[in-house]
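>>> Sequence first, predicted coordinates after that:
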Amino acid sequence: MKLIKLYQQFYTPHGLNNKYKKVDEYLLRGPHPQIGDLIELKNAGVTQIYDFRHRGIRGFKFVEKYFCNELGIKYIRYPYSYLNKEYPSLKDFTNVAKSVKETGEQGGKTLFHCNSGSHRTAHMSAFYEVTKGEEIDDVFNRLGVIKYAQNVQDAINKHFYQQKYFNRKEKAENTYNPISYFKNKFNNRVIKATQLAHSSFLAIMTRFKQW
C-alpha cells in the first residue's frame, strides 16, 4: 500500500467526475479511469470494476489493475474487440450482469468501462439495464413481448444513441497522403465493426424472436 499512500499525499480530492454515468444503484459506466478517478470511485462505493478493453498492454492496463488491488477494488479484465470479431456470447453477457446484481446485493457497486466508455460499455450496460441480472428468457416471459421490446428500445436509446455510439462518419480513402489514408481506413473499419457489434447485440437481445 506504500505507492497508493504516497500518491494520496499529493492528491487533491475532486469528487466523482461526471463522465461516470449512473445506470442504477448497482452500476456505473464510463471511460477507463485515471488513478484519481479510482480513488473517487472507491469513495463512491465501487467495489468491482469490469475492464472491457481489448487485449494487449496499450494504455498500460496493468496500472489500473495494480491500483485497484492497492485500493481493495476487485478488477476483472473481460477483453473483447469487435474489430477482431471477438464478441461476447449470451452466456458472457448473463454472467457479467449477474455479477453486478450479486455485488450490489452485497452492498457494493460495479463500474463498466472500455476505452472511451461509448461502445463495448454500451453493450454490457444495455444488457444489464434490460435483465438486471436475470436470465433473459425469464425476463421476456415475465414482461411479455410488448413490454420487453419497449425495455430493449429504451436501453438502446439510453446507452447507444444518447451516448454518441454512432458518432463516427465515413472518410474518403482515395487520398495520396499515406497518413490520412491509414487513419481514414482504420476509421472506416471501426464504423463497420461498430455496426456489426450493434447487429450482434440486437440478435442476442431479441433471441431471434419475431416482434
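Nice, thanks for sending it over.
>>> how far is the top helix by length along the chain from where the chain is centred?
Taking DSSP state H as the criterion, the chain has its longest helix at helix 178-206. Distance of helix 178-206 from the chain centroid (CA atoms, centre = their mean, to the nearest Å) equals 16 Å.
>>> what packs against it?
helix 120-131 (3 or more CB pairs under 8 Å, 6 or more residues apart in numbering; DSSP states H and E). Bear in mind the C-beta positions are built from the backbone N, C-alpha and C, glycine included.
>>> same thing but at 10 Å, please
Packing contacts for helix 178-206, counted by 3 or more CB pairs under 10 Å, 6 or more residues apart in numbering; DSSP states H and E, involve helix 90-105, helix 120-131, helix 136-143, helix 145-156.
>>> looking at these, which is buried most?
helix 120-131 (a mean of 25; mean count of other CB atoms under 10 Å).
>>> Let me know the distance separating Asn95 from Pro88.
9 Å (CB to CB, to the nearest Å).
>>> Now list whatever residues contact both of the two.
Tyr78 (CB atoms under 10 Å, 6 or more residues apart in numbering).
>>> For the longest helix of the chain, buried residues please.
Using 16 or more other CB atoms under 10 Å as the test for burial, helix 178-206 gives Asn184, Asn188, Ala193, Thr194, Ala197, His198, Ser200, Phe201, Ile204, Met205.
>>> Reformat those into CSV and put distance to Gly133 next to each item.
Formatted as CSV, the buried residues of helix 178-206 follow (distance: CB to CB, whole Å):
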residue, distance to Gly133
Asn184, 41
Asn188, 37
Ala193, 28
Thr194, 26
Ala197, 22
His198, 23
Ser200, 21
Phe201, 18
Ile204, 16
Met205, 15
